[in-house]
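Chemist: just need the structure, nothing else, for what follows:
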Amino acid sequence: MINGINDELTLVARLLLATLFLIFGWRKLRDYSGTVSQMVQLGAPMPVLAAAIATFMELPVAFAVAVGAFTRLAALLMALYTLGTALIGHRYWTVKGADKVDSMDGFYKDLSIMGGFLLLHINGAGKYSLDMIYGIAAP
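Modeler: Here you go, the predicted model:
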């Protein structure tokens, strides 16, 4: 146990936090032009760059979280990225009609995921991580 946190649960939490991003990051990479189009539809600034950043965050950075490599930094980056996805992709305050509830749902889910990444940033990767194996950061 580290700081009273069960290492096995920390591992499960890292994997669960990363899963969504790895799945959709792979999709973004496989259909990069579609990802750019999605960024245009969302009104993201500099959609080509936004697509590249999204793909990078959702594949190598989320993978780092999953395996526990440079976990504190990766978790902080993912928390900031998730805040950005909430603010750009789920602007429920601009949505009218039935889509407003779906957009609000996405916004608050992103904030909840952000909370998980912030806890991971504070607590570290735990015993079952590359950080621990290589002594990269104190767990």
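
Chemist: pull out the buried residues from the helix or strand of the chain with the lowest mean pLDDT.
Modeler: Every helix and strand in the chain was compared by mean pLDDT, DSSP states H and E; the lowest is helix 130-134, with a mean of 93. Neighbour-count burial for helix 130-134 flags 131, 132 (criterion: 16 or more other C-beta atoms under 10 Å). Bear in mind the C-beta positions are built from the backbone N, C-alpha and C, glycine included.

Chemist: repeat for stretch 17-32
Modeler: For stretch 17-32, burial by neighbour count (16+ other C-beta under 10 Å) applies to 17, 18, 21, 22, 24, 25, 28.

Chemist: just the ones of those residues in helices?
Modeler: 17, 18, 21, 22, 24, 25, 28 (DSSP state H).

Chemist: contacts for the least confident helix or strand of the chain, please.
Modeler: 67, 68, 69, 70, 71, 124, 125, 126, 136, 137, 139 (C-beta atoms under 8 Å, 6 or more residues apart in numbering).

Chemist: show me the residue sitting in the middle of the chain in space.
Modeler: residue 78 (4.2 Å; C-alpha atoms, centre = their mean).
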